[in-house]
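Trainee: Mind folding the following:
(chains A and B)
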Amino acid sequence: MADGRSPFADLKPTVGAAEAPGPRILAVGELTRLVRETIQRAAPLRDVWVEGEVGQVSISSAGHCYFTLKDERSQLRCVIFRDERLMMPFEARTGLRLVAHGRLDIFEPQGAYQLYVDSIQPSGRGDLALQFEALKAKLAAEGLFESARKRPLPPVPLTIGLVTSLSGAVLHDMRRVLTRRWPLAQVVVSACQVQGQSAAPTIVAALRRIGRWTDPRTGRGVDVVILARGGGSLEDLWPFNDEQVVRAVAAHPCPIVVGVGHETDVTLAEFAADVRAATPSVAAELVVPSRTDATLRLRGLADRLAATGTRALAERRQVLTNERRALEGFRPAALLAAERERAGLLLDRATRVMHGIVAADRLVLERAAERLPMLLAGTVASARTAFARQSAALGALSPYATLERGYSIVRGADGTVLRDARRASVGDLLSIRLQRGELDARVDKVRDSSA
Amino acid sequence: MTDQATQASRATDSSTAAQATDQRLEALPFDRALAELQSVVTRLEAGNLPLEESIALYEQGVRLHERCARLLGQAELRVQRLVESAGGQLRALDLSLGEAEEG
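Mentor: Below you'll find the model as predicted:
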C-alpha cells in the first residue's frame, strides 16, 4: 500500500521513531506477519482437528483443493495440497461433513488465515477410522495380510460355501451368477447377520460352520468359501472390520473370497482373504469357471477324438492292402488270377465300406459343432460295424482259407514260410500247418525240383 | 467253438467291466472327467495302440465326453442351507428361492 502511505510521507517520515510515543503504526504486511508469527507460536493451532460441512470446493490447475468448512456460526478456509490430496481416501465434496486435520496458518498475500489440511475423515467416524487404522497396523504386523499367505482358488469347485445373509439381494445375485456361469456347482449357504452390533459373532460362527461341514454323501467339505455383503454405509460394513471376523477369515481352512460392499469400499476382512472381490457378484464370478469356455474345450476334445477314429480306420485299410500282397506270395500261379479277382472284389467291397465310413465320419465332424454327443455315439457304432465287416473280409482273404482246399503252409524252425526246398537242410525241424492242426516234421532229404 | 466260448466269456467280462466303468463315470465330477477325456484323446492321437485297445479307449472317450456334455447341459445349480442342530450337528437342507428372499 505504498500509495496509501505517500500523502503522509513528509509528515511521518520515520514510522515507529523513538520520538513518536503511543501506538505504533504498522504496515499491513507487518501486521500480517505479526499475526502469522503469533499463530505459528500457538501449539494448539499447529495440530488442529476440526469438524464441519464442506462448502464451496475448487481444484486449482496445479491440483490443489481449496474449500471452506463451515458450521452455523463460522466459515474456515481450507487447503489440501496436491500431494496430500492424491493420498486421501476420498475427496472433499460440497455438503459432506468431515473431520479435517492440519495446521492453521496465514496466507500473507491475502491476509487470510486457513487450515492446511493433511488428512480428512468422514464426520462422526473419527473413532472408527482411528480404530480401523490401529487394527490394520496390528494385524498387518502379525502378517495376516501378507500375499505369501494367500492360497490359490480351486479351478473347478464342486461345492461352494456362501457366508452371507439369507435376506437381501446379495444371495439372489450370486445365485444368478452361479446359475449362469457354472450350474454344476453345489452351493451351501451358511447364514449370518451382516449388519449391526451382533453381526460379527454370527459371521465368525457361520465361517466356522462352513469350515467344519462335510457332505455325508462324499465325505468332502466345501472347496471354496465366499464371504459376501452388499453395499452400505461405513457403519453398515463395520462388522467386516471386526478383529475376530478378520482373524476367522485369515485362519479359514478353505480358500476364501471376500466381496463386501461396492468397489470403493475396503474392509479388513478383504485384506485377510485369499482373494478380494470388488462386489459379491464379482466374487461369484471369480470362484467358478465359465460354462461357455468349458463347452468349447469339450467340443475341441470331441473333434480330436472323432479324428482319431477316422485315422484308425485308414490305418486298418492299409493293413488290408498289405494282407493282400502277402497273400499273393502264397498262391500257386495257376490259381492266382482267379484268386486275385476274388480278392479284388472283396477288397473293393471293403474299400467301399471304408470310404463310406470315412465319408460318414467327415459328416460327423461337420455336424459335430451342433450335436456332438449323439453323433459321436453313432460314429462309434458305425466304426464298430466297419471293423466287424473288415475282419470278415480279412477272414475270407486269409491264407488259411486256402488250407481248406488241401494246401499246407510249411514253416522253418524260425517261423518263416518256406517257399524253396533249398532253404531247408537235412535234419531241420519244420512245422506244417494243415487246415486242422499242425505237424512237426524233420527234413529227411532235400530235392531241388528246378535242378 | 472254443473260440466262440472264449469270445462269449470275454463279452460278458467286458460288459461287466463296462458297467463298472459306467458307474465310475457317473460319479466322476466334471473336471476329472474332462481331464480323463484329455488323456484318452492324447493317447489315441499318439497311436501305437493295438486295435482292440484303441477301440476300447475310443469308447471310453465317447463315454467321458457324454458325461461331460450331460453335466454341462443338464446341470441345475443346487443351493442348500446349513442348519445346526442343538447337538452341533450340521445338515444341509435344500433352499428354495422364495425362502431365501423371505429370509
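Trainee: low pLDDT regions in the stretch 251-400 of chain A?
Mentor: Judged by pLDDT under 70, the stretch 251-400 of chain A has its weakly predicted residues at A:327-400.
Trainee: Taking it, what residue is nearest to chain B?
Mentor: Of all residues in the stretch 251-400 of chain A, A:Thr308 sits closest to chain B, at 3.8 Å by C-beta to the nearest C-beta. Placement of C-beta: from N, CA and C, glycine included.
Trainee: which strands and helices sit next to the helix or strand that contains that residue?
Mentor: Using DSSP states H and E, A:Thr308 sits in helix A:291-330. Helix A:291-330 is packed against helix A:333-397, helix B:30-46, helix B:51-74, with contacts defined by 3 or more C-beta pairs under 8 Å, 6 or more residues apart in numbering or on different chains; DSSP states H and E.
Trainee: Contacts only, for the closest residue to A:Ile59 other than its chain neighbours.
Mentor: Nearest non-adjacent residue to A:Ile59, counting by C-beta to C-beta, 6 or more residues apart in numbering or on different chains: A:Cys65, 5.3 Å away. Going by C-beta atoms under 8 Å, 6 or more residues apart in numbering or on different chains, A:Cys65 touches A:Val57, A:Ser58, A:Ile59, A:Val79, A:Ile80, A:Arg85, A:Glu91, A:Ala92.
Trainee: Mind pulling the model confidence for A:Cys65?
Mentor: On pLDDT, A:Cys65 comes in at 95.
Trainee: Is it bridged to anything, and to what?
Mentor: Here A:Cys65 sits in beta bridges with A:Ile59, A:Ile80, going by DSSP bridges.
Trainee: how close does it get to chain B?
Mentor: 43 Å (C-beta to the nearest C-beta, to the nearest Å).
Trainee: tell me what the longest strand seen in chain B is packed against?
Mentor: For chain B, the strand with the greatest residue count under DSSP state E is strand B:78-84. For strand B:78-84, the packing partners by 3+ C-beta pairs under 8 Å, 6+ apart come out as strand A:186-191, helix A:199-212, strand B:90-94.
Trainee: Next, format these as a markdown table and append mean pLDDT and distance to A:Leu104.
Mentor: Putting the helices and strands packed on strand B:78-84 into a markdown table (pLDDT from 0 to 100; distance: least, C-beta to C-beta, whole Å) gives the following:
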| stretch | mean pLDDT | distance to A:Leu104 |
| --- | --- | --- |
| strand A:186-191 | 95 | 51 |
| helix A:199-212 | 96 | 39 |
| strand B:90-94 | 89 | 60 |
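Trainee: Give me whichever of the ones you listed is most buried.
Mentor: strand A:186-191 (a mean of 24; mean count of other C-beta atoms under 10 Å in any protein chain shown).
Trainee: Describe which strands that one pairs with in its sheet and in which direction.
Mentor: Using DSSP bridges, the strands paired with strand A:186-191 are strand A:159-164 (parallel), strand B:78-84 (parallel).
Trainee: after the first one, next one along is what?
Mentor: Of the helices and strands lying after strand A:159-164 in sequence (DSSP H and E), the nearest is helix A:169-181.
Trainee: Quick one: mean pLDDT over that following helix.
Mentor: 93.
Trainee: buried set for that helix?
Mentor: A:Val170, A:Leu171, A:Asp173, A:Met174, A:Arg175, A:Val177, A:Leu178, A:Thr179, A:Arg181 (16 or more other C-beta atoms under 10 Å in any protein chain shown).
Trainee: same for chain B: which of the residues you listed are within range?
Mentor: A:Leu171, A:Arg175, A:Leu178, A:Thr179 (C-beta under 8 Å from any C-beta of the partner chain).
Trainee: So which residues make contact with stretch A:243-250?
Mentor: Contacts to stretch A:243-250, defined as C-beta under 8 Å, 6+ apart, come from residues A:135, A:139, A:144, A:149, A:200-201, A:203-204, A:207-208, A:227, A:239-240, A:256, A:258, A:268-269, A:271-273.
Trainee: Which members of the residues you listed are positioned in strands?
Mentor: Reading strands off those with DSSP E, I get A:Leu227, A:Ile256, A:Val258.
Trainee: Now that the first one has come up, it's in contact with A:Ala273, right?
Mentor: Yes. Using C-beta atoms under 8 Å, A:Leu227 is in contact with A:Ala273, at 7.3 Å.
Trainee: Neighbour count for the two, which is higher?
Mentor: A:Leu227 (33 against 27; other C-beta atoms under 10 Å in any protein chain shown).
Trainee: The residue nearest to the spatial centre of chain B: what's it in contact with?
Mentor: Nearest to the geometric centre of chain B sits B:Leu25, at 2.3 Å (C-alpha atoms, centre = their mean). Neighbouring residues of B:Leu25 by C-beta under 8 Å, 6+ apart: B:Ala33, B:Arg63, B:Leu64, B:Arg67.
Trainee: Neighbour-wise, which one of these leads?
Mentor: B:Leu64 (27 neighbours).
Trainee: That residue reaches B:Ala33, doesn't it?
Mentor: Yes. The pair B:Leu64 / B:Ala33 is scored as a contact, 5.3 Å apart, by C-beta under 8 Å.
Trainee: picking that back up, which one of the contacts of A:Cys65 has the most neighbours?
Mentor: A:Ile80 leads the contacts of A:Cys65 on contacts (other C-beta under 10 Å) with 27 neighbours.
Trainee: Show the contacting residues for that residue.
Mentor: A:His64, A:Cys65, A:Phe67, A:Met88, A:Ala92, A:Val117, A:Ile120.
Trainee: okay, it: pLDDT?
Mentor: 95.
Trainee: again with B:Glu26
Mentor: pLDDT, B:Glu26: 81.
Trainee: One more: the one 5 residues further on?
Mentor: B:Asp31 carries a pLDDT value of 89.
Trainee: Isn't it up against A:Trp182?
Mentor: No. Counting by C-beta under 8 Å, A:Trp182 is not a contact partner of B:Asp31; they are 11.0 Å apart.
Trainee: So which of the two has more stuff around it?
Mentor: Higher neighbour count among B:Asp31 and A:Trp182: A:Trp182, with 23 against 18, using other C-beta under 10 Å.
Trainee: Contacts only, for the residue nearest to the more buried one when sequence neighbours are not counted.
Mentor: Distances taken as C-beta to C-beta, 6+ apart place A:Val288 nearest to A:Trp182, at 3.5 Å, with adjacent residues excluded. Contact analysis of A:Val288 by C-beta under 8 Å, 6+ apart lists A:Val156, A:Pro157, A:Ile160, A:Leu178, A:Arg181, A:Trp182, A:Ala185.
Trainee: what's the nearest residue to the second one if we skip its chain neighbours?
Mentor: Spelled out, that is A:Pro157. Closest to A:Pro157 by C-beta to C-beta, 6+ apart is A:Asp223, at 3.7 Å.
Trainee: Could you grab the helix/strand/coil label for the residue nearest to A:Arg82 when sequence neighbours are not counted?
Mentor: Nearest residue to A:Arg82 in three dimensions, chain neighbours excluded: A:Gly63, at 3.5 Å (C-beta to C-beta, 6+ apart). The local conformation at A:Gly63, judged by DSSP: H, G, I helix; E, B strand; the rest coil, is coil.
Trainee: what about A:Val410, which helix or strand?
Mentor: Assigned by DSSP H and E, A:Val410 falls in strand A:409-411.
Trainee: which other helices and strands contact whichever helix or strand comes after that strand?
Mentor: Following strand A:409-411 in sequence order, the next helix or strand is strand A:429-433 (DSSP H and E). The elements that strand A:429-433 packs onto, with contact taken as 3+ C-beta pairs under 8 Å, 6+ apart, are strand A:409-411, strand A:438-442.
Trainee: which stretch in these has the least confidence?
Mentor: Among the helices and strands packed on strand A:429-433, strand A:409-411 scores lowest, with a mean of 83.
Trainee: so how many other residues sit close to A:Leu158?
Mentor: 18.
Trainee: cool, and the one 4 residues further on?
Mentor: Around A:Leu162 there are 29 other residues, counting by other C-beta under 10 Å.
Trainee: Point me to the helix or strand that includes A:Ala284.
Mentor: helix A:280-287.
Trainee: what does that helix contact?
Mentor: Residues contacting helix A:280-287 (C-beta under 8 Å, 6+ apart): A:153, A:157, A:160, A:164, A:170, A:173-174, A:177-178, A:181, A:224, A:226, A:228-230, A:257-260, A:275, A:277.
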